[in-house]
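> Build me a structure from this.
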Amino acid sequence: MTSHISRVLTIALLAVAVGAPAQEQANPPAAPAQAPAAAPEQSAMPTESPLPLRVLVGKSLLINTADRLKRVSVTDPTVADALVVTPTQVLIHGRAPGEVSLLLWNESER
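Down below sits the predicted model:
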């Protein structure tokens, strides 16, 4: 299935202590909630629900994409940083406990 960069990924950052990996294994991530039906999209591309990603405070996550990225944005840079490291990779760094949305644009600004 092709990934479309126009979707928004939700990043849930966990506030954890040194024993976080054991706690993370004990509590697997819950499935994302279904959003209510919205107005039809303007594009004919298939849509997918946002995918939750968990990043520990002080840790990083490298995301590989099928499309070439042009830019990224994080809704709260005090919680997480995002950086395009190659045209098909974005690095997310957890800074503080909280939840943010990560927006990705491809070279076509979608």
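> only C-alpha atoms for contact and neighbour calcs from this point on.
Will do.
> tell me which element Arg54 is part of?
Assignment of secondary structure by DSSP states H and E places Arg54 within strand 52-56.
> on contacts alone, who are the packing partners of the very next helix or strand once past that strand?
Downstream of strand 52-56, the first helix or strand assigned by DSSP H and E is strand 60-64. The contact analysis (3 or more Cα pairs under 8 Å, 6 or more residues apart in numbering; DSSP states H and E) places strand 60-64 against strand 89-94.
> Export the helix or strand following the strand it packs on to PDB, keeping only CA atoms.
Of the helices and strands lying after strand 89-94 in sequence (DSSP H and E), the nearest is strand 98-106. Output in PDB follows, covering the C-alpha atoms of strand 98-106 (Å, rounded to 0.1, in the frame of the first residue of the first chain):
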ATOM      1  CA  GLY A  98       2.900  15.500  25.400                       C
ATOM      2  CA  GLU A  99       1.200  15.000  22.100                       C
ATOM      3  CA  VAL A 100       1.800  16.700  18.800                       C
ATOM      4  CA  SER A 101       0.800  16.400  15.200                       C
ATOM      5  CA  LEU A 102       3.400  15.900  12.500                       C
ATOM      6  CA  LEU A 103       2.700  17.300   9.100                       C
ATOM      7  CA  LEU A 104       4.700  16.200   6.100                       C
ATOM      8  CA  TRP A 105       4.700  17.700   2.600                       C
ATOM      9  CA  ASN A 106       6.100  16.100  -0.500                       C
END
